[in-house]
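# structure, please.
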Amino acid sequence: MDLQRTLHTLKGSADWVSLRHVTEKTTYRMVRDEKPDRNVISFDQGVMVEVLVEGHFGFSGTSDLSSAGIKRALDKAILMAKAASSHKVHNFSVDQRPIAKGTYKSPVVKPLDSFSAKEISDIFVDATRAMKVSDKIVSRSATAMIVETHFHTVTSSGSDFEQSFSIVNTDFSATAAAGGETQTRSDSGGLARCLQVGAEVFDRASILERSKKLAEEAVELLSADNCPDTSMDLLLAPDQMTLQVHESIGHPLEYDRILGDERNYAGWSFVKPEDFGHLQYGSKLMNVTFDPTIEDALASYAFDDSGHPATKEFLIHNGLLVRGLGGLESQSRLNLPGVANSRSSSWNRAPIDRMANINLEPGTSKLEDMIASVERGVFMLANKSWSIDDYRNKFQFGCEYGKLIENGKLTKTVKNPNYRGTTVKFWNNLKAVSENRETFGSPYCGKGEPNQVIRVGHTTPYCLFADVEVFGA
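Numbers count the residues shown, from 1 in each chain. Presented below is the predicted three-dimensional model:
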């Protein structure tokens, strides 16, 4: 549709108007136990009309893309803004909606349509067949979610920017059972390689190799001892570090949580406005960035939905908290620096403060040296469960697979490895960070009323923590 033409035909009493047109095609492919289980394609599109009236923003989404439909949405957005303006907590202006022009497109080596449904299904059939390493394997699955999304935004102040995203989320899982015991190994605990990529991820050889290893580890866990209940050194793999960063850094640094906007639904934060520039969040080895510029990470983009250009920024530098996750609206309310993270999940949601790519920067340690430095500890991979309180302070995580570290060597496998702690103490016990890191993503981060499920990415290294309480389920 011609958004510029549509915008110029709209008449209303708003000080500023924005149209955001979103189209999204989602394809699911799933094979279970060597049999195709799900092949579904869905398509969604609509327009979000956003206005500024009397110092307040108003929104109205519509799937009626006719001129009359968009005009009705404009009128409703103006009505909503006027109704709310008498209760506003802050007086906004067009400064919170900068002029943005440009394009963004996901990096793609092979176009998504270069693999047919049959070709993907055949690879997944072979993957689940490769998982049948033992009669103890009772369930095997291979899944892909393929998303093609296009955002186009124009505003009355002159913005005109388009962003196209190509996303593939794959997951491979094997469950083993014997004698009343059940263990599952999945490709990184559901946080598998969800990236902005193309069909190049459907590499048969690497998929079959990964799938077989997962199944072998699921069988191995059946006869493993439980993780011991004690306090010791804890080495976390990048796939588990992904969730640790997400829950104990990303969410508590969101400005709308700190302001209290989210406390009714998704919780508040232990972080206070006065903590920025003063709170020693972790050890000096801890460096965390907001970076939507990483090439294939799930939440990379050129502009957030307010038109704010996306740039890499340090959130935590040498362990010191220096910046939070807040878009231009929250920055104005708190009078603190933020980032370009005012994001919406689709055409029918208003943008709010969201994580994007929240990354733990690499250190200088080699993984083998980190292991060799541990006299008594445990190495954990792939998240299985998590719990964290409303303030993002006390947490407990469970992993799928563990290995004891004894006198500098990985020894026996342990099942049901779990650990718990409190955020600031835990991160201040960080004592080594690897020089290499990996990128993971999740398409299912929920927040907001009405709920918005959005895509987030994390690039994380191996991390070693001292004196952590661990236990077996």
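
# low-confidence ranges in the stretch 101-250 of the chain?
Filtered on pLDDT under 70, the stretch 101-250 of the chain yields the residue ranges 188-192.

# in it, which spans are strands?
All strands of the stretch 101-250 of the chain, identified by DSSP state E, counting those that start in this stretch, fall at 101-105, 137-155, 160-178, 181-186, 195-196, 225-226, 230-236.

# mind giving me the packing neighbours of the fifth one?
Contact here means 3 or more C-beta pairs under 8 Å, 6 or more residues apart in numbering; DSSP states H and E; on that basis strand 195-196 packs against strand 160-178. Every residue, glycine included, has its C-beta placed from N, CA and C.

# so what strands line up beside the strand it packs on?
The pairing partners recorded for strand 160-178 under DSSP bridges are strand 101-105 (parallel), strand 137-155 (antiparallel), strand 181-186 (antiparallel), strand 195-196 (antiparallel).

# just so I know, which of the strands of the stretch 101-250 of the chain lies nearest R343?
strand 137-155 (10.2 Å; C-beta to C-beta).

# show me what counts as buried in that closest one.
Using 16 or more other C-beta atoms under 10 Å as the burial criterion, the residues of strand 137-155 that qualify are 137, 139-149, 151-155.

# before we move on, back to that, show me the one of the strands paired with strand 160-178 that comes nearest L367.
Between L367 and these, the shortest separation by C-beta to C-beta is 20.5 Å, and it involves strand 181-186.

# what's the closest one in contact with?
Strand 181-186 is contacted from outside by 138, 171-177, 192, 214-215, 217-218, 221-222, 382, 384, 400-401, 415, using C-beta atoms under 8 Å, 6 or more residues apart in numbering.

# try it again with 10 Å
Residues from elsewhere that reach strand 181-186 (C-beta atoms under 10 Å, 6 or more residues apart in numbering): 131, 136, 138-139, 141, 171-177, 192, 211, 213-224, 239, 381-384, 400-401, 415-416.

# restricted to helices, list those.
Among the contacts of strand 181-186, the ones falling in helices (DSSP state H) are 211, 213-222, 239.

# can I get those residues in TSV with distance to V374 and neighbour count?
Converted to TSV, the ones in helices among the contacts of strand 181-186 look like this (distance: C-beta to C-beta, whole Å; neighbours: other C-beta atoms under 10 Å):
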residue	distance to V374	neighbour count
S211	30	28
K213	24	17
L214	25	26
A215	29	26
E216	25	17
E217	21	21
A218	26	29
V219	27	19
E220	22	16
L221	22	21
L222	26	16
D239	19	25
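
# nearest to R20 among the residues you listed?
Using C-beta to C-beta, the ones in helices among the contacts of strand 181-186 come closest to R20 at D239, 33.6 Å.

# do I have it right that that closest one meets L381?
Yes - at 6.1 Å, D239 counts as touching L381 under the criterion of C-beta atoms under 10 Å.

# what's the closest of the strands paired with strand 160-178 to N407?
strand 181-186 (26.9 Å).

# chain center to that closest one: distance?
24 Å (C-alpha atoms, centre = their mean, to the nearest Å).

# count of neighbours near R420?
15 (other C-beta atoms under 10 Å).

# state the helix or strand in which it lies.
R420 belongs to strand 417-422 when assigned by DSSP states H and E.

# and whichever helix or strand comes after that strand, average pLDDT?
Downstream of strand 417-422, the next assigned helix or strand under DSSP H and E is helix 423-428. The average pLDDT for helix 423-428 rounds to 98.
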